[in-house]
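Trainee: here you go, sequence then predicted model.
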Amino acid sequence: MQTFLDTHAWIWWVSGDRRLSPGALAAIHCSAAGSGTWLSAISLWEIAKKVEKKQLVLDRPLRKWLELALGAEGLFIAELTNDILLESCELPQPFHGDPADQLIVATVRHHGGRLVTKDRALHAYPHITCLW
């Protein structure tokens, strides 16, 4: 089963942030050493939007940060295919209205994966497996 990272989990992983739980860190390291850790392409956009709105401050310019963060050992990007884009609009309800979360969840479901996230709303969503 592929392991995907929610956007905040990716940020915390590559920056060594202590907010990443020991269980989440272990799952990431295990997947990175095995079949790889995955990220939905929408997470790049989500980070860029947060930087643009000054909701996220990085330790270097955005493009440099992304270049380094995308180079993490064992990290792969899942592109937003037509099937994933459509599935994000057809998720079993109820699902909250955050479009980035919809695309992340649709990506994870499309690939039959599991999601590393601290987001309680996603943990409560019964149509996806979450780790933390």
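Mentor: That came in fine, so what should we check first?
Trainee: okay, CA-based contacts and neighbour counts for the rest of this
Mentor: Fine.
Trainee: helices of the protein, start to end?
Mentor: 7-15, 22-33, 42-52, 62-70, 82-88, 99-110, 120-124 (DSSP state H).
Trainee: which other helices and strands contact the first one?
Mentor: Applying 3 or more CA pairs under 8 Å, 6 or more residues apart in numbering; DSSP states H and E, one finds that helix 7-15 contacts helix 42-52.
Trainee: same question for the helix it packs on, mean pLDDT?
Mentor: Helix 42-52 carries an average pLDDT of 97.
Trainee: packing partners for that helix?
Mentor: When contacts are defined as 3+ CA pairs under 8 Å, 6+ apart, helix 42-52 packs onto helix 7-15, helix 62-70, helix 99-110.
Trainee: who touches Glu73 in this structure?
Mentor: In this structure, Glu73 makes contact with Ala32, judged by CA atoms under 8 Å, 6 or more residues apart in numbering.
Trainee: that one and Lys54: what is the separation?
Mentor: Distance of Glu73 to Lys54, computed by CA to CA, to the nearest Å: 28 Å.
Trainee: and the gap between the residue nearest to Leu5 when sequence neighbours are not counted and Ala27?
Mentor: Spatially, and ignoring its direct neighbours in sequence, Leu5 is nearest to Val116 (4.9 Å; CA to CA, 6 or more residues apart in numbering). From Val116 across to Ala27, the span is 8 Å (CA to CA).
Trainee: can you check Leu86 too?
Mentor: Distance of Leu86 to Ala27, computed by CA to CA: 29 Å.
Trainee: higher neighbour count, these two?
Mentor: A direct count of neighbours by other CA atoms under 10 Å for Leu86 and Ala27 places Ala27 higher, at 18 against 13.
Trainee: quick one: distance of the lowest-mean-pLDDT helix or strand in the chain to the chain centre.
Mentor: Using mean pLDDT, DSSP states H and E, the weakest-scoring helix or strand in the chain turns out to be helix 22-33, at a mean of 91. Using CA atoms, centre = their mean, to the nearest Å, the distance from the centre of helix 22-33 to the centre of the chain it belongs to is 14 Å.
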